[in-house]
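# Give me the fold of what follows.
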Amino acid sequence: VDQQVFALNQGTGRGHLAVNPAAPASEALETSPPGGTAPTLPFRLYYPEGFVGNNISTYVPILNPNSQPATVFVIARWEGSGARDQVIGTLTIGANSRSGLTLLTPDLLGGGNAPVNRDATPYAVEIRSDRPVAATFSYYDTSPALTGGQSSSLGEAFTSRVSSTWSFGRVLKGQGNTDFILFYNTSESLTKVTTTLYPKNGGAAPFEFTFDLQPLRRGGLSINAIIADNFGRAVPDGEYAALVSASGGAPIVAALSHYNSVDRVAETSIGTPGAGSVSGVIPEGQVGQGDATEVVSVLNTTVGTPATVNLSFIFANGSTYRTSVTAPARSVVTLDVNSLPGFNDVGRGQPYATFFQSNVPVTVNVPTTAFDDQLDTATAERGFSQWAFAEGFRPADGSGHPGVREYLRLFNPGLTQTTVEITMAYDNGVASETFRRTLEPRQVLQLEVDTLVTGFRRGISVWFGINVKSQSPIVAYMAHIDRFFPG
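Now for the predicted structure:
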């Protein structure tokens, strides 16, 4: 603390301790050529996924939900050897508007103009800003190698949260699956990262894998490439869950990218900080709508204590389906939602959220296959009064575009009614528009985003972000399915 106070008094404080957050001190980067610097802006977002290839397109849309302009600085942190850092963009984003960066397309890479241009090299992305912003990692891959001849797309919100421990309720090895657990070390010190795989139903002792993660670098673990763990035990194909831990309490970020060549789908999702929680909400749920399939995965990392997890599927029509599962200590169990007796009779094809309560902390994931794609989202262990989403697109009427399906799902976990304000913030100077909706206690509300694009905006192709504010804490989720790019 004394060092931070001294830096503040000397005018060299970083982040929130900068004398003028709009003109903070700079820090040296490991760039090529040497000499690169980055401002120590107070707000930071991270996503540990990124790869350069001639079949890949990658975009980072960024939303400024504030009433003042935001200065944004974007850095690539490269895996492996060579210069660690690369400044890939600086932006000033107007108040209540959306902008962003194109990091990579096949044409840009072929012409030598891609902001990220180290072929066949993984990276993480760090975003710094002088005001809070929201960003999405949008990744499109036309290579059919991992998804059975289908192109694949990945999308997930950047996170501001760092933790020394992250958990994932479902990790798959083999059997048509290709999973990667990806890490980014946000600290300036080397740390050891241990990944523990917990077998389904506790059929064997957990498997452990440890490696060094360099300061401010990305690293990763290819699950299919694992042959044996730290103790030389063979790791069979099958269903697992994972706990990722960094030594010394080092702050890292972890995500999972999943590809399936049988269902020909892909998705990426940020992990759950820590080893889980005793309650939480997963706002995505589609079973009963079309041919959707869904599995609830529950990870219990405790030693000696089984987890009794009560699940409530809360439907938009106000009805609730309740069931429970028991997860033995140090294992993961799964529940096939499609097999639950009478589930569709209760929900009648309505969208829903999944609320859980447990006697011990657990990690719950609910991956859903729907709309010829896979949908997944991190568990919300608590509600917030503001949520922001940066990825939104509506093609112009009559443009010939095959269509975009986007929906916004809101859940009120409280016991009182709340009013929600939804602002559509556009790119390219298009004026924003705000709508209000009322959420009853424990209500799930799904809004088709297309209905929130009004007037002249329907006659032009528009890119936008969505800012959601509520009188009391809620949980919000946005899905984006673009038919122009299958997968």
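# distance between the lengthiest strand in the chain and the chain's centre?
Using DSSP state E to assign secondary structure, the strand with the most residues in the chain is strand 462-482. Averaging C-alpha positions (C-alpha atoms, centre = their mean, to the nearest Å) puts strand 462-482 14 Å from its chain's average.
# residues of that strand that come out buried?
Within strand 462-482, the residues that qualify as buried are 462-470, 472, 474-482, counting by 16 or more other C-beta atoms under 10 Å. Yep, even glycine has a C-beta here, placed from its N, CA and C like the rest.
# three-state assignment of Gly248?
Three-state call for Gly248 (DSSP: H, G, I helix; E, B strand; the rest coil): helix.
# next one: Thr416
The local conformation at Thr416, judged by three-state DSSP, is coil.
# any idea how far the nearest residue to it once chain neighbours are set aside lies from Thr293?
Nearest residue to Thr416, sequence neighbours excluded (C-beta to C-beta, 6 or more residues apart in numbering): Pro441, at 6.0 Å. Spatial separation of Pro441 from Thr293 under the definition C-beta to C-beta, to the nearest Å is 30 Å.
# More neighbours: which of the two?
Here Pro441 and Thr293 are compared on neighbour count by other C-beta atoms under 10 Å; more neighbours surround Thr293, at 15 against 11.
# For the closest residue to the more buried one other than its chain neighbours, the count of nearby residues, please.
Closest residue in space to Thr293, ignoring its immediate chain neighbours: Thr369 at 4.8 Å, by C-beta to C-beta, 6+ apart. Taking other C-beta under 10 Å as the criterion, the count of residues near Thr369 is 19.
# hang on, Thr369 is in a helix, isn't it?
No - secondary structure of Thr369, determined by three-state DSSP: strand, with no helix assignment.
# quick one: the helices in the stretch 301-450 of the chain?
Using DSSP state H, counting those that start in this stretch, the helices found in the stretch 301-450 of the chain span residues 343-347.
# shaky segments in it?
When residues are selected by pLDDT under 70, those of the stretch 301-450 of the chain lie in 370-374.
# partner residues bridging the residue nearest to Thr293?
Legend: beta-bridge partners of Thr369 under DSSP bridges are Thr293, Gln374.
# what sits against it?
Contact criterion C-beta atoms under 8 Å, 6 or more residues apart in numbering gives 263, 265, 292-294, 375 as the residues in contact with Thr369.
# Over to Gly50?
The contact partners of Gly50, taken as C-beta under 8 Å, 6+ apart, are 58, 76, 103, 116, 122-125, 137, 139, 218.
# thinking again about what came up before, drop anything exposed from the contacts of Thr369.
In terms of neighbour count (16+ other C-beta under 10 Å), the buried residues within the contacts of Thr369 are 263, 265, 292, 294, 375.
# how deep is Ser245 tucked in, by neighbour count?
Burial of Ser245 is recorded as 22 neighbouring residues (other C-beta under 10 Å).
# What of Asp450?
The number of residues near Asp450, taken as other C-beta under 10 Å, comes to 13.
# before we move on, the earlier item: check which helices and strands the longest strand of the chain is in contact with.
Contacting strand 462-482 under the criterion 3 or more C-beta pairs under 8 Å, 6 or more residues apart in numbering; DSSP states H and E are the following elements: strand 56-64, strand 97-104, strand 384-389, strand 393-394, strand 404-411, strand 418-426.
# Which of those sits closest to Arg348?
Arg348 lies closest, by C-beta to C-beta, to one member of the helices and strands packed on strand 462-482: strand 404-411, at 17.2 Å.
# Give the buried residues for that closest one.
Using 16+ other C-beta under 10 Å as the burial criterion, the residues of strand 404-411 that qualify are 404, 406-411.
# what does stretch 437-447 give?
Taking 16+ other C-beta under 10 Å as the neighbour-count basis, stretch 437-447 is seen to contain the buried residues 439, 442-447.
# so which of the helices and strands packed on strand 462-482 comes closest to Arg170?
strand 404-411 (20.6 Å).
# Show residues contacting the closest one.
In contact with strand 404-411 (C-beta under 8 Å, 6+ apart) are residues 281, 283-284, 314, 351, 353, 371, 389, 392-395, 420, 422, 437, 439, 443-450, 452, 466, 468, 474-484.
# Could I get the buried residues of strand 404-411 in JSON lines, plus columns for distance to Val333?
Listed next are the buried residues of strand 404-411 as JSON lines, based on distance: C-beta to C-beta, whole Å:
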{"residue": "Val404", "distance to Val333": "36"}
{"residue": "Glu406", "distance to Val333": "33"}
{"residue": "Tyr407", "distance to Val333": "29"}
{"residue": "Leu408", "distance to Val333": "31"}
{"residue": "Arg409", "distance to Val333": "26"}
{"residue": "Leu410", "distance to Val333": "29"}
{"residue": "Phe411", "distance to Val333": "24"}
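# quick one: which of the contacts of Gly50 sit in strands?
By the criterion of DSSP E, membership of the contacts of Gly50 in strands covers 58, 76, 103, 123-125, 137, 139, 218.
# Output these as CSV; include the columns neighbour count, distance to Thr147 and pLDDT.
Shown next, in CSV, are the ones in strands among the contacts of Gly50 (neighbours: other C-beta atoms under 10 Å; distance: C-beta to C-beta, whole Å; pLDDT from 0 to 100):
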residue, neighbour count, distance to Thr147, pLDDT
Thr58, 25, 17, 96
Ala76, 23, 25, 97
Leu103, 26, 21, 98
Tyr123, 27, 22, 98
Ala124, 27, 23, 98
Val125, 26, 23, 98
Phe137, 27, 18, 97
Tyr139, 24, 13, 95
Arg218, 27, 23, 97
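# Looking at these, which one is closest to Pro65?
Distance to Pro65 across the ones in strands among the contacts of Gly50 (C-beta to C-beta) is lowest for Phe137, with 18.2 Å.
# Surely the closest one is in contact with Thr159?
No - no contact is recorded between Phe137 and Thr159 when judged using C-beta atoms under 8 Å, the distance being 10.1 Å.
# got any residues that touch both of those two?
With C-beta under 8 Å, 6+ apart applied, the overlap between the contact sets of Phe137 and Thr159 consists of Tyr47.
# before we move on, back to that, tell me the one among the contacts of Gly50 nearest to Val244.
After measuring these against Val244 - C-beta to C-beta - the closest member comes out as Arg218, at 13.6 Å.
# That closest one is in contact with Pro48, isn't it?
Yes - applying C-beta under 8 Å as the test, Arg218 and Pro48 come out as touching, 5.6 Å apart.
# Ramachandran coordinates for Thr305?
Listed backbone geometry of Thr305 is phi -120, psi 110, with angles given as degrees, to the nearest 10.
# Could you do Ala266 as well?
In terms of degrees, to the nearest 10, the main-chain angles of Ala266 are phi -150, psi 160.
# ok, it - how many residues close by?
Ala266 has 24 neighbours, counted by other C-beta under 10 Å.
# give me every residue that touches it.
Residues counted as contacts of Ala266 (C-beta under 8 Å, 6+ apart) are 141, 146-147, 152-154, 257-260, 374, 487.
# As CSV, those with neighbour count, distance to Asn185 and secondary structure would be great.
Below are those laid out as CSV (neighbours: other C-beta atoms under 10 Å; distance: C-beta to C-beta, whole Å; DSSP: H, G, I helix; E, B strand; the rest coil):
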residue, neighbour count, distance to Asn185, secondary structure
Asp141, 23, 25, strand
Leu146, 19, 26, coil
Thr147, 23, 29, coil
Ser152, 28, 27, strand
Ser153, 24, 27, strand
Leu154, 21, 22, strand
Ser257, 22, 18, strand
His258, 24, 22, strand
Tyr259, 27, 25, strand
Asn260, 23, 29, strand
Gln374, 24, 28, strand
Gly487, 20, 30, coil
